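In: Just to be clear, the model below is a prediction. Sequence and coordinates:
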Amino acid sequence: MVQVLKEELRLAILRAAEDEFLKHGYTGASVKRMADQVGISVGNLYRYYKGKEALFDSVVGPVYLELEKMIKSQVTRPMDKGHIFELIVHALTELLERIRKPLLILIDGSQGTKHEDAKLKLYKLMADNVAQHLEAYNGVQEREVFAEGTAWSVSVAFMQGYFEIIRRHPDTEDCKSMVRQYFSFWYQGLQAFI
């Protein structure tokens, strides 16, 4: 008799995998612990996912694609200074409700997977975005105010700060508030505080 795969069980397995990968990273995660958390056998779990790598990809794959899409959309979107702050804060905080745990898994627990360089890829995407804005700014100024090489350091610093907020603030509303304050600090610039 053929058993039908149940969507509720598949989602429960994904939640258990998310918890396991968040706690132990990919290399330390155990498929047995995931199955035990759901109350099924490892064999039954394998009916839904071919293995630990497939589970990991199911947890973190969508978050990487979503972040990539968000960063790239900031390049092509017209930059209205009156709304840019709210647009970016909204984009950064909107993601938190859906992808906080998978994002932490991706950036902190992906060693040993095809995603282990995801953090560097995100830095590169952000650096390319920043470089385009610096180029546009330099064009308006009709001189090179900021060298393109500045983009890498700025993007790494910004993204690391964002990741650190996500790590330290598990409460979604608290995390959103901290992201808003963090981006406000960047947006207003250090000059306003010195």
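Out: Nice, thanks for sending it over.

In: For this structure, give me the ranges with low pLDDT.
Out: Residue ranges of the chain with pLDDT under 70: 1-5, 74-85, 190-194.

In: One more pass at 80, please.
Out: For the chain, residues meeting the criterion pLDDT under 80 lie at 1-5, 68, 70-92, 94-95, 97, 189-194.

In: ok, which stretches of it are helices?
Out: 7-28, 31-38, 42-48, 52-76, 81-108, 118-141, 150-168, 172-188 (DSSP state H).

In: Tabulate the CA atom coordinates of stretch 107-114 in PDB.
Out: Taking C-alpha atoms only, stretch 107-114 is exported to PDB below (Å, rounded to 0.1, in the frame of the first residue of the first chain):
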ATOM      1  CA  ILE A 107      25.700  32.600   7.800                       C
ATOM      2  CA  ASP A 108      26.800  30.700  10.900                       C
ATOM      3  CA  GLY A 109      26.100  27.000  10.300                       C
ATOM      4  CA  SER A 110      26.700  26.200   6.600                       C
ATOM      5  CA  GLN A 111      30.300  25.000   6.900                       C
ATOM      6  CA  GLY A 112      30.700  21.700   5.000                       C
ATOM      7  CA  THR A 113      27.900  22.500   2.500                       C
ATOM      8  CA  LYS A 114      27.700  24.100  -0.900                       C
END
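
In: Return the set of buried residues in it.
Out: If you call a residue buried by 16 or more other Cβ atoms under 10 Å, then stretch 107-114 has these buried ones: 107, 109, 110, 113. C-beta coordinates here come from the backbone N, C-alpha and C atoms, glycine included.

In: Quick check: the residue nearest the centre of the chain vs residue 92, distance?
Out: A centroid search over the chain (Cα atoms, centre = their mean) returns residue 103, at 3.9 Å, as the residue closest to the centre. Distance, residue 103 to residue 92, by Cβ to Cβ, to the nearest Å: 11 Å.
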